[in-house]
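J.: what's the 3D shape of this:
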Amino acid sequence: MALDADSIARSFAERGLRLTRQRRAVVDAVAAAGASLSALQVFDAARERCPELGLTTVYRTLEVLSEIGAVRRVHGPDHCEAFVPAGAVHGHTVVCSSCGRATEFTQCDMHAVVDAAARQTGYEITEHFLQLSGICAACNAAAGAPGPSGKGAG
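T.: A predicted model of the protein is given here:
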C-alpha cells in the first residue's frame, strides 16, 4: 500500500482509528522524505505542519502504518531504525550508506536461502526482511566515483 491518504484512512477506520490532522502530518512527512527517516526525524518534519504533534503519536502512527504495509522499517545510515514509504506489498529496500536515500525493489529470489535456513535451523520460515546497503548514484557522482561495478558485497 502506498502512502495514499484515502487508503490509509480506510485502513485506520478498519482498526477503529481516525486519520487525524496529527496522524496525517506523520504520513505526509514520510511521503515527502527523499530518504529514510528515524521516528525523531519524522517528528521534526511533521511538527512543521502540526506544531501540537506529540512524539507518542508519531511512534503509534508509524507502528500502525507499518502494520498496514504503508511504510517499511529499515536500518538507516546514522540510526538503527528508520522508515520509508512501502510501494509494494512484498518489497525490499536498498539504502544509501551516505545520504540515506532508500529505493524499493520487488524482485527477490530468496527460495534457496529460505530453504537452507529452514533445513539448518529446523524453523518454518514464514517471512523475510531483506535490505541492501550501498552508495546511490548521486552520492557516487558527487564523490567522483565510477558507476556501479556489478560486484556484490560478499
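
J.: which residues in this structure form helices?
T.: Using DSSP state H, the helices of the chain run over residues 5-14, 21-32, 39-49, 55-67, 111-121, 137-143.

J.: Let's see the last one as PDB, backbone CA atoms only.
T.: In other words, helix 137-143. The C-alpha trace of helix 137-143 is given here as PDB (Å, rounded to 0.1, in the frame of the first residue of the first chain):
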ATOM      1  CA  ALA A 137      24.300   7.100  -8.000                       C
ATOM      2  CA  ALA A 138      24.000  10.700  -6.800                       C
ATOM      3  CA  CYS A 139      26.500  10.200  -3.900                       C
ATOM      4  CA  ASN A 140      28.800   8.300  -6.200                       C
ATOM      5  CA  ALA A 141      28.700  11.100  -8.800                       C
ATOM      6  CA  ALA A 142      29.300  13.800  -6.100                       C
ATOM      7  CA  ALA A 143      32.300  11.800  -4.800                       C
END
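
J.: Centre of the chain to that helix, how far?
T.: 22 Å (CA atoms, centre = their mean, to the nearest Å).

J.: swap in stretch 11-29?
T.: 17 Å.

J.: Same question for stretch 36-56.
T.: For stretch 36-56, the distance to the chain centre is 16 Å (CA atoms, centre = their mean).

J.: mind listing what's buried in it?
T.: 36, 37, 38, 39, 41, 42, 43, 45, 46, 47, 50, 53 (16 or more other CB atoms under 10 Å). To be clear about C-beta, it is placed using only N, CA and C from the backbone, and glycine gets the same treatment.
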